[in-house]
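Chemist: pasting a predicted model and its sequence here:
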Amino acid sequence: MQHEFTFSIKSLCFDENYHPSDSTRLTTNFANLARGGQRQQNLRNTLSMINQRFNSLAHWDNPAGQRYSVALEIISVEIQIENAANTFPSIEVLKTNIIDHSTGERIEGLVGNNFSSYVRDYDFSVLLPEHNKDQPQFSIPADFGDLHGRLFQSFVHSAAYQQHFQKPPVICLSVSDNKIYQRAANRHPVLGVEYLPNETSLTEQYFKKMGLNVRYFMPDNSVAPLAFYFFGDLLNDYSNLELISTISTMETFQKIYRPEIYNAHAVAGQRYQPDLTSQAHSTTKIVYDRAERSQLAVKQGRFAEEHFIKPYKTLLEQWSARHA
């Protein structure tokens, strides 16, 4: 008997009153910001930084720098396995919407941006360390990322995705401190100057299995390039305002989480290698627990193993083979 998966989508407003739901992965960046005594101030400051950055990039017809604000939604995706009693929380991303205060219009932004996934936590925080436990040399399992990649592509092509979103997702991540990036001649009016990496990485290979290509750009007044993962044509498939909504949101998050790179005092030059040990950076006043995040990745990888990978092992293998 062939089992299929159906996807369901839930949306939750991410504003200063946001409280993480019980099903939210707590390693998710926005959930980390929304806990503790300073949660509301954290959220207020984060949203203010996003709006300021958006207006600085969308500066045309915007003399006071207050024309736009960004409204964010947390998109939670659950998998329903045919005949199973419960759904499994699989993916969480962010959706941007742009409010034009000059016209009163609400403009759809991009879905994707931040990306978190239980199965990815399992792959990187459980499967990979166990595979390498007794190995003299680091190696990657032969089918590493296959299931996750096929699940993600199945979701993007699903009826649920098509009903909710007009365009494919764009995911924006930090650059890797293991790689060297060379500035190229190519320049985009919004994304900025392009950088080319000296080699591929495990993250790039993993996202490739999700069907995503990557390009690296440093927008104006940024200090380091961002990694943009996308389907299709990043430079021509999206409007300037859509791209700005992603840059302003994800650069703000990176300034909070990776200040050594994105709040560094020096701007990336012709040849750039990110340095996570650098002291030459400023921190934001926004509280974020990085140590807790890495511990939770292991916990949530174990959760995926216990509630999804092990109980549905045969079914998942059959499904993945059919969708290869």
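Modeler: Structure received.
Chemist: in contact with the closest residue to Phe231 other than its chain neighbours, which residues?
Modeler: Take Phe231 and drop its neighbours on the chain: the residue closest to it by CB to CB, 6 or more residues apart in numbering is Pro168, 4.1 Å away. (Glycine included, C-beta is placed from N, CA and C.) Residues counted as contacts of Pro168 (CB atoms under 8 Å, 6 or more residues apart in numbering) are Val156, Phe230, Phe231, Gly232, Asp237.
Chemist: three-state assignment of Pro168?
Modeler: Each residue gets one of three states, and Pro168 gets coil by DSSP: H, G, I helix; E, B strand; the rest coil.
Chemist: and the gap between it and Tyr229?
Modeler: Between Pro168 and Tyr229 the distance, using CB to CB, to the nearest Å, works out to 11 Å.
Chemist: equivalent analysis for Ala297, please.
Modeler: Relative to Tyr229, Ala297 is positioned 19 Å away (criterion: CB to CB).
Chemist: over to Phe14?
Modeler: When distances are taken as CB to CB, Phe14 and Tyr229 turn out to be 21 Å apart.
Chemist: kindly check the end-to-end length of stretch 254-263 for me.
Modeler: 8 Å (CA to CA, to the nearest Å).
Chemist: likewise for stretch 306-324?
Modeler: 24 Å.
Chemist: got a list of contacts for that stretch?
Modeler: Contacts of stretch 306-324 from elsewhere in the structure, counted by CB under 8 Å, 6+ apart, are 2-5, 79, 81, 84, 88, 118-119, 122, 146-147, 150, 153-154.
Chemist: where's Gly112, which helix or strand?
Modeler: Per DSSP states H and E: Gly112 is located in strand 105-117.
Chemist: quick one: residues in contact with the next helix or strand after that strand.
Modeler: Taking DSSP H and E as the definition, the helix or strand that follows strand 105-117 towards the C-terminus is helix 118-122. Residues from elsewhere that reach helix 118-122 (CB under 8 Å, 6+ apart): 25, 27, 88-90, 147-148, 151, 206, 297-298, 300-305, 308-309.
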